[in-house]
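Trainee: what follows is a predicted protein model with its sequence.
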Amino acid sequence: MTDRHAIDALLAAASPDRAPLPTAEERRRLREELHLSRAQLAAALGVSASTIGGWEAGREPGGEQREKYAYFLEGAAAKLNAAAAATATVPDDVPAQEPAEPEPADALDDVEELPVPQACVLCGQPARHQVEGFPQHLDPAECAATAPAPAAEPAPDADVAAPGRAADAKPVRPGRMEPPQRPAQPARSGRQSGRGGGHGVKVAPVGRRVQATTDLPDPIGSAVAAALEEHGGDVEAATAALVKRAIPDAMALLDHTRKGGRYDIVAHPWLPEILRKQTARGADQVWEARPKWTRPELPAGQHEVTALDINGAYLSALKTHLPLGQLEHSEGNHHDRKRSGLHLITPPVWDHDAVLPNPLGNRDEPGPLWVTEPTLRLLLRVSGPKYGLCDPPEIHESWTSGATEGLLEKFRIALKDARDRAIADDDPVTLEYVKAMYAKFVSTLGESNYNRELYRTDWMHLIRAQAFANLWTKAFKAYDEGLMVVRAMGTDELHLIGDWRVVFPEGRGVTEVKVKDTYTVGNDPQQPENAPDGPA
């Protein structure tokens with residue numbers, strides 16, 4: 001009877017007619033005009049973002065996924081048609097409102113709607129949402145903390161309306177002729193900004209105001225210029241001096257980017273026993289999930305393998321959920337996304353070693369182990385409906401604190417921008433200096449005699465583990481796009497077979513990859529292994 005029930009359920013779910021879908025171009029247009037990212041749509045449909053990209057390139061979904069996708073596209077078209085119809089009824093003399101720029105999908109991961117409005121942490125006014133547990137306005141226009149200062153009184157002859165507002169119309173008394181229109185005034189400076197031409201002033205937000213970027217302090221550029229001047233333009237000597245002082249300079253840059261920060265951090269917290277080294281030269285109890293995986297077998301034949309180098313792996317890993325305060329202990333199989341730290345888990349069984357590395361890394365010993373927040377989040381993600389690759393891990397106890405993903409974001413962006421400029425300007429001094437800053441920043445967060453300002457061994461483990469999790473995510477993306485994953489090692493090495501340029505952009509930026517090596521594996525199927533190369 002069990003088999004028959006299964007067959008009946010299968011027949012009930014089957015549909016002889018495939019849901020109709022619009023063209024590939026129309027699919028993409030509908031999503032983009034609703035300001036939805038591929039990641040947002042993929043999460044709703046239970047697939048990967050790369051799968052959405054394939055559908056928008058012409059691939060056809062099947063089964064239940066096709067039904068869901070067709071339902072979304074039909075609803076998206078109806079929503080856009082309704083909006084277009086509403087816009088068509090607006091009188092011509094009413095200026096159109098400029099649409100607000102949509103928030104990036106990544107920034108909305110921890111947004112929740114509040115049942116009762118609470119005071120915004122930025123301006124104190126009632127807010128209907130919370131971000132990472134903190135009540136605040138999602139629209140800057142609603143937040144008093146970001147409202148512009150009152151403008152000066154306009155000159156009496158000013159008749160140009162402010163952007164986004166209609167000019168106040170003066171009533172005309174009965175029996176009087178409407179005054180003649182003034183000649184058109186020349187465009188004012190505020191209206192021609194952003195048109196290009198090389199005459200604009202680039203600005204950046206500084207508190208409530210904006211400031212010209214040329215007037216902002218540049219600690220990295222100033223340090224490089226001073227070192228070159230001190231060593232008479234000797235590139236090697238200046239680089240050596242900057243690398244030597246990379247740790248204190250990184251701490252100074254962190255303080256500089258943290259000015260006016262929203263969160264206070266505990267720089268020297270009490271640490272639980274699991275973060276203390278077992279011996280003088282030994283390790284603590286935290287497992288970082290470092291991958292060192294090689295595919296056990298390749299298909300018969302000859303294969304060209306490309307070893308890719310992931311740029312700025314530790315720099316990208318600075319964007320991770322970091323605990324703000326002292327870690328607190330809890331027990332039970334529960335994960336709070338608003339907190340971050342270390343977790344004792346029993347990991348799930350991994351049955352995909354033949355094609356993909358284990359998200360837990362190479363670990364031979366069975367049983368529970370202490371893992372970091374990035375590792376746990378990765379395991380929970382791959383065990384969820386989007387991936388369905390394993391069972392969820394079992395959490396036994398945790399050491400966590402309230403956390404945020406953006407704690408080091410300004411610090412990371414300052415280093416990334418300096419790195420990008422150094423690459424564009426072919427500046428090896430700045431490039432080596434920046435590399436030393438973020439690499440040594442991470443490596444000295446633990447028990448180090450070189451860094452006395454910030455003692456967060458938990459952060460060191462979390463940032464490293466985030467780099468390993470990022471590499472695993474890239475390996476899965478390659479696998480999901482049809483490439484063959486051959487090796488995954490450390491934070492930045494990924495060996496692939498196939499046209500990897502379709503999946504990953506090539507370059508030196510932190511979102512790009514570059515070729516480290518290419519080599520051939522296997523025998524030419526056209527020639528036996530022991531056959532002579534040619535006639536004797």
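Mentor: Noted; the coordinates are in hand.
Trainee: which element, helix or strand, includes A77?
Mentor: Element membership for A77 (DSSP states H and E) is helix 63-88.
Trainee: quickly list what E493 is bridged to.
Mentor: Counting by DSSP bridges, E493 is bridged to D309, M489.
Trainee: so what's the gap between the helix holding A77 and the chain middle?
Mentor: When distances are taken as C-alpha atoms, centre = their mean, to the nearest Å, helix 63-88 is centred 28 Å away from the chain's centroid.
Trainee: what are the buried residues along it?
Mentor: Within helix 63-88, the residues scored as buried using 16 or more other C-beta atoms under 10 Å are R66, K68, Y69, A70, F72, L73, A76. Backbone N, C-alpha and C define where each C-beta goes, glycine included.
Trainee: I'd guessed the first one sits against E60; true?
Mentor: This points to R66. Yes - using C-beta atoms under 8 Å, R66 is in contact with E60, at 7.4 Å.
Trainee: joint contacts of those two?
Mentor: Common contacts of R66 and E60 (C-beta atoms under 8 Å, 6 or more residues apart in numbering): L21.
Trainee: hang on, the earlier thing: elements contacting the helix holding A77?
Mentor: Secondary-structure packing of helix 63-88 (3 or more C-beta pairs under 8 Å, 6 or more residues apart in numbering; DSSP states H and E): helix 24-33, helix 38-45.
Trainee: so the next helix-or-strand element following the last one versus helix 63-88, what angle?
Mentor: Along the chain past helix 38-45, the next helix or strand (assigned with DSSP H and E) turns out to be helix 49-56. In this structure, helix 49-56 runs at an angle of 70 degrees to helix 63-88, with axes from the mean of the first three to the mean of the last three C-alpha atoms, to 10 degrees as the basis.
Trainee: which parts of helix 49-56 are buried?
Mentor: A49, S50, T51, I52, G54, W55, E56.
Trainee: confidence-wise, which of those comes last?
Mentor: Lowest pLDDT of these: S50, 69.
Trainee: picking that back up, could you identify which of the helices and strands packed on helix 63-88 has the lowest mean pLDDT?
Mentor: helix 38-45 (a mean of 84).
Trainee: kindly export it (C-alpha atoms) in CSV.
Mentor: The C-alpha trace of helix 38-45 is given here as CSV (Å, rounded to 0.1, in the frame of the first residue of the first chain):
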residue,chain,number,x,y,z
ARG,A,38,18.1,37.5,-8.5
ALA,A,39,18.9,36.5,-5.0
GLN,A,40,15.6,37.8,-3.6
LEU,A,41,13.6,35.9,-6.3
ALA,A,42,15.7,32.8,-5.9
ALA,A,43,15.1,32.7,-2.1
ALA,A,44,11.3,33.0,-2.7
LEU,A,45,11.4,30.1,-5.3
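Trainee: that helix packs against which elements?
Mentor: helix 49-56, helix 63-88.
Trainee: what packs against the shortest one?
Mentor: Pointing back at helix 49-56 there. Helices and strands touching helix 49-56, by 3+ C-beta pairs under 8 Å, 6+ apart, are helix 24-33, helix 38-45, helix 457-480.
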